[in-house]
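K.L.:
fold the following for me, if possible:
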Amino acid sequence: MTLSHDVAGSGPAVLLLHSTVCDRRMWDPQVPALVGAGYQVVRCDLRGFGETPVPDRPYSNADDVIALLDELGIERTALIGSSGGGRVALEIAARHPGRVTALALLCTALVGHEPGAELRAFGDREDELIEAGDIAGATDLNVEAWVGPEADGAAREKVRLMQRHAFDVQLAAEEEFGQIRVEADLSAITAPTLLVSGDHDFADFRHIAIHLSGVLADARHLELPWAGHLPSLESPDKVNPVLVDFLRETHAAG
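P.N.:
Residues are numbered from 1 along each chain as shown. Next comes the predicted model:
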């Protein structure tokens, strides 16, 4: 199965991997900026999100993405990942370092991270609402938890729409198949890496960024005092220049 995706522009490839609160529509504000900067932009929906159906067997997001790159004939690409998409990007960069030229990780998750008390409490409350059949309440909880104060009403509603769609699709599945997650050797990553965290996000994601900045061979950490968990949606006018500048330093267009 090929992940649902779209491609825009021409030039060096940049692959966008969405947060698991969202789907590939979260990158709507970034696509024009990256295309205008001279890149071929690919974005996809992981299984059970957006237009990609739920899995029908155990699956690997990283393998799915590599298969998509192979189908598109893309041998080398920069990866931009948000939250759970960052976790996928890290696995790809560790397992296939020769294929990844640069990594930009926005509030990234990390395989093996033990959540702190606040993040555990969020997960417990989400589970309670879902078990009670209150999917609207679970959706509202996610919007409040993950969207930072800089976001306008349209961005909040977009996250609400994407999260509710993911709940509806995933909860309607007849059978749930597990994701194959690999705790890859991060020391194998050679790509220059930009790690972004937001001061209004759960503390876990700042801790992950700090940890990764000490583990990865070529990494820098940018803290955004105004940002929550989804800075690229909350204030794209502030994030787009950061991404374009990083790519021009590491993955030059043209």
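
K.L.:
chain neighbours aside, what residue packs nearest to residue 224?
P.N.:
residue 198 (5.0 Å; Cβ to Cβ, 6 or more residues apart in numbering). Any C-beta I mention is one placed from the backbone N, CA and C, and that applies to glycine too.

K.L.:
relative to residue 204, how far out is the one you found?
P.N.:
Using Cβ to Cβ, to the nearest Å, we find residue 198 at a distance of 12 Å from residue 204.

K.L.:
of those two, which one has the most company?
P.N.:
More neighbours surround residue 198 than the other of residue 198 and residue 204, with 24 against 20 (other Cβ atoms under 10 Å).

K.L.:
right, and the more buried one touches residue 205 too?
P.N.:
Yes - counting by Cβ atoms under 8 Å, residue 198 touches residue 205, with 7.5 Å between them.

K.L.:
residue 123 and residue 47, how far apart?
P.N.:
Look at residue 123 and residue 47: by Cβ to Cβ, they are 21 Å apart.

K.L.:
what do you get for residue 125?
P.N.:
For residue 125 relative to residue 47 (Cβ to Cβ), the value is 25 Å.

K.L.:
next: residue 102.
P.N.:
Computed as Cβ to Cβ, the residue 102 to residue 47 distance reads 25 Å.

K.L.:
picking up where we left off before, and residue 125 and residue 47? which has more neighbours close in?
P.N.:
Neighbour totals were compared for residue 125 and residue 47, and residue 47 leads with 21 against 14 (other Cβ under 10 Å).

K.L.:
dump the residue contacts of the more buried one.
P.N.:
Residue 47 makes contact with 3, 53, 54, 55, 59, 61, 64 under the criterion Cβ atoms under 8 Å, 6 or more residues apart in numbering.

K.L.:
which of those residues fall within helices?
P.N.:
61, 64 (DSSP state H).

K.L.:
neighbour-wise, which of the contacts of residue 47 leads?
P.N.:
Among those, residue 61 has the most neighbours (other Cβ under 10 Å), with 24 neighbours.

K.L.:
would you mind confirming that that one makes contact with residue 111?
P.N.:
No - in this structure, residue 61 is not within contact of residue 111 by Cβ under 8 Å, at 11.1 Å.

K.L.:
what touches both of these two?
P.N.:
Joint contacts of residue 61 and residue 111 (Cβ under 8 Å, 6+ apart) are residue 91.

K.L.:
would you map the helices across this protein?
P.N.:
Secondary structure of the chain (DSSP H): helices at 31-36, 61-72, 84-95, 117-131, 135-146, 153-171, 203-215, 231-234, 236-250.
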